[in-house]
Structure formats: structure tokens, C-alpha cells
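Chemist: any chance you can model this:
(chains A, B, C and D)
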There are 2 protein chains.
Amino acid sequence: MSTNNHVLVEFADTHDGKEAEGLVDYRLEDQVGFLLRRAHQRASGIFSEHFRDSSVSPVQFAALVKIRDEGRVSQNQLGRLTHMDPATIMGVIKRLAARDLIRRYPDAGDRRRMMLGITSSGLKLVEEHVEMGRRVTEDTLAPLDPGERATFLELLAKLT
Amino acid sequence: MSTNNHVLVEFADTHDGKEAEGLVDYRLEDQVGFLLRRAHQRASGIFSEHFRDSSVSPVQFAALVKIRDEGRVSQNQLGRLTHMDPATIMGVIKRLAARDLIRRYPDAGDRRRMMLGITSSGLKLVEEHVEMGRRVTEDTLAPLDPGERATFLELLAKLT
DNA sequence: TCCATTTCATATGTACACATATGATAGTGC
DNA sequence: GCACTATCATATGTGTACATATGAAATGGA
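Modeler: Numbering: from 1, shown residues only, chains lettered A, B, ... in the order given. Next up is the predicted model:
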């Protein structure tokens, strides 16, 4: 009867058979990946609102902060610190260097390496926006009360 | 003395002055956005490991599941359901249609609209992978114990 | 020392994510 | 019925994110 008559119907009947098979209940909204993607989208949106004047992206700011904290690092090192693969960090570095927020120079001891250093304007940008960075976190966590925020950050850190 | 001698030094001294200014303590690892990005990367990685055979991405699977659940939807509708903007859903739709997992057809009542329907092979893919989808969520949440998982999902849902 | 392995930067291609712009169409207020 | 506005799909450009491949250089072990 209704045994998947693919030839005659143009589209699969999306509801036929599901109940018969015991309706595999799979709600998109219950999947962590989906929720993480949404939450990350939201966090990125809040970030770019707050950083509109500086026009740096979340990962660009992350890279700048890490270079500031660590001093001079190689590209791959920075990639590991900020969790970006070599191909990704390449692009980030290139754009930051193009804006003269960082500079690249060859490593003395290892001729494969490109070392990175923050420029004074890069350092200025970081120092002027660190407070804003904290506010991004605050605003992103605003839907949670203080206790929930701590719990959430703790659990989230376990999932990285 | 060491008051930001930009002209003479090639790079800004990343540690000078920080303590003097009271060291604005901004740890990248404490920022929600950074943690969410990391967690999402990890979840995506787990997803693609589990879905290696089907070669669908997380958002492609999300789109397929939603079309299955909702029946026929327009592109923009689907975008809203899966939280993708029109430009993004365009590409996702195009790739799914190219693999004949969904089909597109003009809407009778609204000539601007493109309606979407899942094909029998798309439906087959969803039904054969729903269990795997659940396992992705399980494995992603594995570092948390059952109580923590429920708490985490509840809080995460508040941040979307 | 020599060779195999690893690491580093780089290049290319695919796929999200979003800003912005466009043209066609629909809906609305008047 | 008509202008105004909104919505729909589409196009383009920039920026992550990652797989894969490459060549140069460093490193490790026999």
C-alpha cells in the first residue's frame, strides 16, 4: 500500500510511517551542537555590536590578546593558543598585519618560522577594548543569574 | 623613561606598563565567546566523525530534519527554523538539492517563494542517522555527568 | 652522518556566517 | 487603485574553519 511509492510521488511523505516505526523522536532543539551553534552566533553578534568602532572580530581580538600576553610567538604557536588551525590563523594574521596591529618577522634560530609581535597601535587597541571584552561576556551571560553564570562557565569549560 | 618609546623600538613592549596601570586582567579562557567557539568546534568535530559516511554537515542535517518535521517549507522559513540567514540557507539548500536529498519547486500562491520538500533518499538519510545524531549529543556531553548534562543544556538553552 | 619523521608556513578548495545590495512580488494603508 | 513598505530569493564580498597538499627546514634515531 503505502510502502514508499517513490516513483509515483514527487516528494517523500514526511509524516507517513514515522508513527508506525515508533516515531524516532529527534528534536533539533535538544541537540547540543545546535544549541552551541546558536549560542555562539549570539555571542559573536554581541561582540561585534560592542566592537563596532574597532572593527576587529572575536578571533582577531583573541589573537591580539594572546600576543600581548605571551610576548612574541610563532604563527603556529599562536594558532594552538587560540585554537585555530594553521590555515585559519594564516588569514587572521594576514588581516591583522595589513592593519599594522601586529608585525611579522623571521625567526633567528628557525628559518621556517614567522614570529609575531604586537605593534603599539595593536597594544593600544587591546588596552582600550579589554573592558569592552569583559562587557561582552557579561551581556552574553545576562539571561543567567550570577549563580547560573558560574555553573555554566564551569560546565562549558569541561566541554572544550 | 620607558614611556612607550614607539619610535625607537620595533615592537611594543607587551609587558611594560601593564602592572603600572593595575594590570587589566583579561583572560581569554574566561570569556564565554571564546569557550563557546571552542565547544562548538569540538561538537562539530564529533558530528563529522560520526557522520563521515553520509557526508552531511551539522547544518545540512539540521535542515533535513526540519524539512522532515515541518513538511514543506519555503527557504526563508527553513532559515528561520534552523537559524540561518537567507544567504547561508541558500548555499545549504543548493548543496542538498545537488545531492537530491531535497527538491525545490515554485510556490503556487506566491511567485517569490521557493518551496522545499525532502526526497525519499533525503528521508532515508535522516531516518538512518537520527540515532547517530543522538549519539553525537551524548558523546559531546560525555565529560559531564548526567546531572551536569541536564543543567548545562538548560542553561545553554537560555543563551540562544 | 644519514634517513625518516615532524614541524612550519603556505596554498587551494569547500562550507558556514553575515553584511549589504538588488529585483520581483506581496501586502498595507489610504 | 496606488504608493509605501515588507518579504522573498538571489548575488557579492569578507571572514572563520577545516581538509588536504606542498616544500623547506628542523629533529630524532640508527
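Chemist: which positions in chain A make contact with DNA strand C?
Modeler: A:37, A:41, A:44-45, A:48, A:74-77, A:79, A:86-87, A:90, A:93, A:110, A:112-115 (Cβ under 7 Å from any atom of the strand). Any C-beta I mention is one placed from the backbone N, CA and C, and that applies to glycine too.
Chemist: which stretches in chain A count as helices?
Modeler: For chain A, the helices defined by DSSP state H cover A:32-50, A:58-70, A:75-82, A:86-98, A:120-140, A:146-158.
Chemist: tell me the most buried of the ones you listed?
Modeler: Compared across the helices of chain A, helix A:58-70 shows the largest average neighbour count, a mean of 22 (mean count of other Cβ atoms under 10 Å in any protein chain shown).
Chemist: what is the orientation angle of that one with helix A:32-50?
Modeler: If you take axes from the mean of the first three to the mean of the last three Cα atoms, to 10 degrees, helix A:58-70 sits at 80 degrees to helix A:32-50.
Chemist: hmm, helix A:58-70 in reach of chain B?
Modeler: Yes - interface with chain B: helix A:58-70 contributes A:58-59, A:62, A:65-70 (Cβ under 8 Å from any Cβ of the partner chain).
Chemist: what subset of the residues you listed is also close to DNA strand D?
Modeler: A:58-59.
Chemist: stretch A:140-154 - what's its average pLDDT?
Modeler: Averaging pLDDT along stretch A:140-154 gives 98.
Chemist: columns pLDDT on top of the residues of helix A:58-70 next to chain B, output as CSV?
Modeler: Formatted as CSV, those follow (pLDDT from 0 to 100):
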residue, pLDDT
A:Pro58, 98
A:Val59, 98
A:Ala62, 98
A:Val65, 98
A:Lys66, 97
A:Ile67, 97
A:Arg68, 97
A:Asp69, 96
A:Glu70, 94
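Chemist: of all the residues of helix A:58-70 next to chain B, which comes closest to DNA strand C?
Modeler: A:Pro58 (11.2 Å; Cβ to the nearest atom of the strand).
Chemist: please list the residues outside stretch A:30-48 that contact it.
Modeler: A:28-29, A:57-58, A:61, A:136, A:139-140, B:32-33, B:36-37, B:39-40, B:43-44, B:46-47, B:58-59, B:62, B:83, B:133, B:136-137, B:140-141, B:153, B:156-157, B:159-160 (Cβ atoms under 8 Å, 6 or more residues apart in numbering or on different chains).
Chemist: report the closest residue of chain A relative to DNA strand C.
Modeler: Closest to DNA strand C within chain A is A:Asn76: 3.0 Å, counting by Cβ to the nearest atom of the strand.
Chemist: which one is that residue nearest to, not counting chain neighbours?
Modeler: A:Pro86 (6.0 Å; Cβ to Cβ, 6 or more residues apart in numbering or on different chains).
Chemist: list the contacts of A:Gly133.
Modeler: Shown in contact with A:Gly133 (Cβ under 8 Å, 6+ apart): A:61, A:65, B:26, B:31.
Chemist: need those in JSON lines with distance to B:Ser121, can you?
Modeler: Output for these, formatted as JSON lines (distance: Cβ to Cβ, whole Å):
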{"residue": "A:Phe61", "distance to B:Ser121": "44"}
{"residue": "A:Val65", "distance to B:Ser121": "47"}
{"residue": "B:Tyr26", "distance to B:Ser121": "50"}
{"residue": "B:Gln31", "distance to B:Ser121": "43"}
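Chemist: so which of these sits lowest on pLDDT?
Modeler: B:Tyr26 (92).
Chemist: doesn't A:Arg135 make contact with that residue?
Modeler: No - with contacts defined as Cβ atoms under 8 Å, B:Tyr26 does not count as touching A:Arg135, sitting 11.2 Å away.
Chemist: hmm, stretch A:85-97 touching DNA strand D?
Modeler: Yes - part of stretch A:85-97 sits close enough to DNA strand D to count as contact by Cβ under 7 Å from any atom of the strand, namely A:85-88, A:91-92, A:95.
Chemist: just to revisit the earlier point, let's have the helices of chain A in CSV, adding distance to A:Pro106.
Modeler: What follows is the helices of chain A, written out as CSV (distance: least, Cβ to Cβ, whole Å):
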stretch, distance to A:Pro106
helix A:32-50, 33
helix A:58-70, 17
helix A:75-82, 12
helix A:86-98, 14
helix A:120-140, 19
helix A:146-158, 36
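Chemist: I'd like to know which of these is closest to B:Arg104.
Modeler: The minimum distance between B:Arg104 and those falls on helix A:32-50, with 23.5 Å, by Cβ to Cβ.
Chemist: any idea how far A:Leu78 is from DNA strand D?
Modeler: Look at A:Leu78 and DNA strand D: by Cβ to the nearest atom of the strand, to the nearest Å, they are 12 Å apart.
Chemist: from memory that residue sits against A:Arg68, does it?
Modeler: No - counting by Cβ under 8 Å, A:Leu78 does not reach A:Arg68; the two are 11.3 Å apart.
Chemist: okay, now A:Gly117: neighbour count?
Modeler: Neighbours of A:Gly117 under the rule other Cβ atoms under 10 Å in any protein chain shown: 21.
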